[in-house]
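Colleague: pasting the sequence and the predicted model now:
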Amino acid sequence: MKILTSPSIFASDLLNIEKEVRRAEAAGADTIHFDIMDGVYVPNLSIGFDLLAQVRKITDLPIDAHMMTVCPEKYIERLANAGADIVTIHSDVADEDSIISMFEEIHDYGMLAAVALKPAVLAEDVYSLIDYCDMVLVMTVEPGFSGQKYMNMTGKIRKIRDYIADGDISIQVDGGINAETAALCARAGANVFVVGSAAFGSSDMKATLTNIKRAATVAYCE
Ligand code: DX5
Ligand code: ZN
């Protein structure tokens, strides 16, 4: 699996978002992670469709919309129109059939679909959804805020990687990721690394992302 980094724009200096997107591009980011929070699914509000559409205009990097909202099905069309490339839906926002329908709608718009697991959700809880999506996001913090302490989810990541076996499905991790925690997750089978405060808080984002990729590449092969 390709090892990729995805800076989380929510952790950037939002007053200077264009500069921050350029900084991520110059640092070698593979995708832009875009956190959408509704104050109901998580106790925080963040950024939304209009800003996503603005970011779309200034970058060719794929944009991954991490939906931390209830009823994400209401927003799939707007995400497509705003120019999202990947839509990530939390597994516990609806029943299995409804989530599968959301993935189908996401695919019908030509976007990729991912299922996200907050810390309390078990690997086994999402096995039946994995066949319908392109990526699994294992949260390594409680969703809602940047800058939190990393929580160890390596057992869960390993189970999911074993379940996927030879399938072409990425495992992404999000929350408290730096070179050290990325290596732990990569060793368990994660290959896409969302990086918020460690990336945007760095004075040399290129070095930060390069170190994360290097550490993860070595660990993934172990
Ligand atoms: C938290 C968000 C993350 C956050 C990551 O709910 O999903 O994407 O911005 O930030 P760090 O890397 O600082 O934990
Ligand atoms: Zn996120």
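Modeller: Received the coordinates, thanks. Ligands and ions are numbered 1, 2, ... in the order given.

Colleague: got the contact list for the closest residue to ligand 2 within the chain?
Modeller: Going by CB to the ion, ligand 2 is nearest to H66 of the chain, at 3.8 Å. C-beta: built from backbone N, CA, C; applies to glycine. H66 sits next to 33-36, 88, 116, 137, 174, 194 when contact means CB atoms under 8 Å, 6 or more residues apart in numbering.

Colleague: try A114
Modeller: Contacts for A114 were tallied using CB under 8 Å, 6+ apart; they are 64, 86-89, 133-137, 172.

Colleague: in a strand, that's where it is, yeah?
Modeller: Yes: secondary structure of A114 (DSSP: H, G, I helix; E, B strand; the rest coil): part of a strand.

Colleague: can you offset everything so residue one is 25?
Modeller: All right, first residue 25 from here; so that's A138.

Colleague: so how far is ligand 1 from it?
Modeller: A138 sits 12 Å away from ligand 1, going by CB to the nearest ligand atom, to the nearest Å.

Colleague: what pLDDT does that residue get?
Modeller: Listed pLDDT for A138 reads 98.

Colleague: same deal with E246?
Modeller: For E246, the predicted pLDDT is 87.

Colleague: around ligand 1, which positions in this protein sit nearby?
Modeller: On the criterion CB under 6 Å from any ligand atom, ligand 1 has as its neighbours in the chain the residues 32, 34-35, 57, 59, 90, 165, 167-172, 198-201, 218-222.

Colleague: ok, of the residues you listed, which come out buried?
Modeller: For those, a burial check counting by 16 or more other CB atoms under 10 Å picks out 32, 34-35, 57, 59, 90, 165, 167-170, 198-201, 218-222.

Colleague: so which of these sit within helices?
Modeller: In this view, those that belong to helices under DSSP state H are 221-222.

Colleague: who's in contact with the strand or helix carrying F127?
Modeller: Using DSSP states H and E, F127 maps to helix 120-132. Contact with helix 120-132 is made by 96-97, 100, 111, 113, 115, 117-118, 136-137, 139, 152-153, 156-157, as judged by CB under 8 Å, 6+ apart.

Colleague: pull the CA atoms of it into PDB?
Modeller: In PDB, the C-alpha atoms belonging to helix 120-132 read as follows (Å, rounded to 0.1, in the frame of the first residue of the first chain):
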ATOM      1  CA  GLU A 120     -25.600  -0.500   8.200                       C
ATOM      2  CA  ASP A 121     -28.000  -0.400   5.300                       C
ATOM      3  CA  SER A 122     -28.200   3.400   5.500                       C
ATOM      4  CA  ILE A 123     -24.400   3.800   5.600                       C
ATOM      5  CA  ILE A 124     -24.100   1.400   2.500                       C
ATOM      6  CA  SER A 125     -26.600   3.700   0.700                       C
ATOM      7  CA  MET A 126     -24.500   6.700   1.600                       C
ATOM      8  CA  PHE A 127     -21.400   5.000   0.100                       C
ATOM      9  CA  GLU A 128     -23.400   4.200  -3.000                       C
ATOM     10  CA  GLU A 129     -24.400   7.800  -3.400                       C
ATOM     11  CA  ILE A 130     -20.900   8.900  -2.800                       C
ATOM     12  CA  HIS A 131     -19.700   6.600  -5.500                       C
ATOM     13  CA  ASP A 132     -22.400   7.700  -7.900                       C
END
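
Colleague: might you calculate how far that helix sits from the centre of the chain?
Modeller: Put simply, helix 120-132 sits 18 Å off its chain's centre (CA atoms, centre = their mean, to the nearest Å).

Colleague: give the buried residues for it.
Modeller: Using 16+ other CB under 10 Å as the test for burial, helix 120-132 gives 123-124, 126-127, 129-130.
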